[in-house]
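Visitor: Provide a 3D model corresponding to the input given below.
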Amino acid sequence: MLRLLASPSQAVILGMFVGLLALEATIVSSTFDYKDALEKSLLFFEAQKSGKLPSSNRIKWRGDSALQDGYKQGVDLVGGYYDAGDHVKFGMPMAYTVTMLSWAALDFKPEIANLGEMEHTLDAIKWGTDYFIKAHKEPNVLWGQVGDGESDHYCWERPEDMKTPRTAYKIDPENPGSDLAAETAAALAASCLAFKPYNSSYSDLLLVHAKQLFTFADRFRGLYDDSIQSASHFYTSSGYGDELLWAATWLYRATKDTYYLKYVVDNAVSMGGTGWAVKQFSWDNKYAGLQILLSKVLLEGGAGPYASTLQQYKAKADYFACACVQKNAGYNVPKTPGGLFNINDWNNMQYASSAAFLLAVYSDYLSKAKASIKCPDAQVQPQDLLTTAKSQADYILGANPKSMSYLIGYGRKYPIHVHHRGSSIASIFTLRDVVGCVEGFEKWYKKIEANPNILYGGLVGGPNDLDDFTDDRSNYEQTEPTLTGTGPLVGLFSKLQSVYGTKGYNQKKPTPPYHKAQGALPKKLPLPQPKKGDYSNVHPCEFFHSITNTWSVGKETYYRHRVTIKNTSKKPITFLKLRMENLTGTIWGLEPREKNVYQLPQYVKALQPGSEYIFVYVQGGAQAKVSIQNYY
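Guide: Now for the predicted structure:
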């Protein structure tokens, strides 16, 4: 753990500089293995599957569960996805996740296919759409939830042992839910496009359900959580206007029927499509997404008589993009000091991943149209959007003040006390005894040891607004993964891999680690063995010291020291251990190894000849002395 200066007043002053320090402590060419991150993201959906698992399921610590869902209501609701670390199947976030996966499979089809992951992507989509078809047996009825959040959260048990009530809830004309029905319609319309090249009959079936659900949502207006009150404490809807416009936009893309385009134009004002300028995109707020989808229609020259209204939609899409790239005349998306979009106090990572995905999509649309955006503060190019999206992905994967991956199982340092029932209890294939509701809390939830099963690809809630993160199972705001968090990453990682195409963590992966029934965390790969001996006369690097700021607290003066390491040798440096003498303050950009000894962060795989790396420290008095202890 990095030391903090003792005085509280000093700590307050120091906090003013955290953002600049964290941002500077990065290597110019830091990159990540987005292909590996993509593969792991898709594994998360296999871990979250409910129902009878297929033999092809790669998460071998999971078994069949909830095989009688819907039985008491006389409907087959077996299947679908568990929402997060619990065992409730919430329709709203599940539908949004399927929409995101389908959007990725549609707009980033070549990228995903070239990486050999289209089959797994379509499998993840189909597990959701098969469930939605079951849940929509009548045109004006949709089963929107299975399980009760309150009773489910009283228990800590594996899904295979589940004894909590599996009550099913529906919406119908007497108990409407326009937002839920419309979001499900959007998911089915988007997925019908994803499946069209591969399974035309299934695609046609999805479109039939999408059209019926949109009509149901539009005709019988109401908030779904007024009808399914069990959902109101977990996924409260802020309105349904955005979902109706969102679904109509997706149906227009799927059918090219101008009825749906006219719908978004006629209702642009009343439903907020051209009125709401937003700085977030999420399972609850679709405005930025539909505005960017309609911008695509305009950019491709398909607006026809509706061009003026679509221009208004595009103006709001540009507002979102300008806010993300911090060029919006001060009305920008807030960021943590380390650079992460800071949109929500609870499970903020899902908002960052959704925004990053949307930026990658909009960058593509603008690039193909050879267009740019005029923001209040600058002319913004498509590449600027992708660069911002990359910054969020890189933060998730390790380019952050903690040098930690928030994608479970990726890299060498990631959360290991994840708030997830199945992951935290030994697999039924090794511990065959039933783990009861209370026993789960006493014997497993309270364990200080790491989770026995690795939940590959789960994106945890992530750090707070100051980039602070506590890896604790009880800290569910930060350590619980969700469908809505990982869903947008599939498209984002595939796009980044196609553009940057670089390898970050050059580690030899087991074949494959997720085929194990259970087990401890993957063993850390040994670091390259550095050369041994006297380094007093060896100089593979040069150090350039500078003081970039100074301030006083009382009688004490503090200095902000910036140290640039430059590889002056002719070979890449893959391991560098430094000794810091006379260091009395706080350091950013290096990982502590032992007393007074630090090394480059693990995400920095190599310091190439001629390249530089910057770290920063703050302290009073003289500067610290930096020397090389060993290197490779």
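
Visitor: how close does the closest residue to residue 235 other than its chain neighbours get to residue 240?
Guide: Nearest non-adjacent residue to residue 235, counting by CB to CB, 6 or more residues apart in numbering: residue 92, 4.9 Å away. No exception for glycine: its C-beta is placed from N, CA and C like everyone else's. Distance of residue 92 to residue 240, given as CB to CB, to the nearest Å: 11 Å.

Visitor: what residues are shared contacts of these two?
Guide: Counting by CB atoms under 8 Å, 6 or more residues apart in numbering, the residues touching both residue 92 and residue 240 are 179, 224.

Visitor: related to what we said a few turns ago, hmm, residue 224 and the residue nearest to residue 235 touching each other?
Guide: Yes - with contact defined as CB atoms under 8 Å, residue 92 counts as touching residue 224 (6.8 Å).

Visitor: okay, the two: which has more neighbours?
Guide: Neighbours per residue, other CB atoms under 10 Å: of residue 92 and residue 224, the larger number sits with residue 224, 31 against 27.

Visitor: SS state for the residue nearest to residue 235?
Guide: helix (DSSP: H, G, I helix; E, B strand; the rest coil).

Visitor: so where is the stretch 501-632 of the chain shaky, pLDDT-wise?
Guide: For the stretch 501-632 of the chain, the stretches flagged by pLDDT under 70 are 502-539, 551-555, 603.

Visitor: correct me, but residue 309 touches residue 274?
Guide: Yes - counting by CB under 8 Å, residue 309 touches residue 274, with 6.7 Å between them.

Visitor: about what we covered before: distance check, the residue nearest to residue 235 against residue 348.
Guide: Distance of residue 92 to residue 348, given as CB to CB: 19 Å.

Visitor: so how far is residue 249 from residue 178?
Guide: Residue 178 sits 15 Å away from residue 249, going by CB to CB.

Visitor: residue 464 too?
Guide: The gap separating residue 464 from residue 249 is 34 Å, by CB to CB.

Visitor: one more: residue 63?
Guide: 39 Å.

Visitor: more neighbours, those two?
Guide: Comparing residue 63 with residue 249 by neighbour count (other CB under 10 Å), the higher total belongs to residue 249, at 28 against 18.

Visitor: now do the contacts for that one.
Guide: By CB under 8 Å, 6+ apart, the residues touching residue 249 are 186, 260, 264, 290, 293-294.

Visitor: at 6 Å what do you get?
Guide: 264, 290, 293-294 (CB atoms under 6 Å, 6 or more residues apart in numbering).

Visitor: didn't the residue nearest to residue 235 look like it was pressed against residue 181?
Guide: No - Residue 92 is beyond contact range of residue 181, at 10.3 Å (criterion: CB atoms under 6 Å).

Visitor: for stretch 198-206, buried residues please.
Guide: Using 16 or more other CB atoms under 10 Å as the burial criterion, the residues of stretch 198-206 that qualify are 202-203, 205-206.

Visitor: surely residue 376 is in contact with residue 332?
Guide: No - contact criterion CB under 6 Å: residue 376 and residue 332 do not qualify, at 10.2 Å.

Visitor: who's more crowded, the two?
Guide: Applying other CB under 10 Å to residue 376 and residue 332 shows that residue 332 carries more neighbours, namely 16 against 11.

Visitor: for that one, which three-state class applies?
Guide: Classification of residue 332 using three-state DSSP returns coil.

Visitor: for it, give me the pLDDT.
Guide: Looking at residue 332, its pLDDT reads 97.

Visitor: how far away is it from residue 325?
Guide: Residue 332 sits 8 Å away from residue 325, going by CB to CB.

Visitor: before we move on, back to that, which of the buried residues of stretch 198-206 fall in helices?
Guide: Counting by DSSP state H, the buried residues of stretch 198-206 place 202-203, 205-206 in helices.

Visitor: got those residues as a markdown table, with pLDDT columns?
Guide: Formatted as a markdown table, those follow (pLDDT from 0 to 100):
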| residue | pLDDT |
| --- | --- |
| 202 | 97 |
| 203 | 97 |
| 205 | 98 |
| 206 | 98 |
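
Visitor: redo those residues as a markdown table? Include distance to residue 579.
Guide: Formatted as a markdown table, these follow (distance: CB to CB, whole Å):
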| residue | distance to residue 579 |
| --- | --- |
| 202 | 62 |
| 203 | 62 |
| 205 | 66 |
| 206 | 62 |
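
Visitor: circling back to that earlier point, gap between the residue nearest to residue 235 and residue 83?
Guide: Distance, residue 92 to residue 83, by CB to CB: 9 Å.
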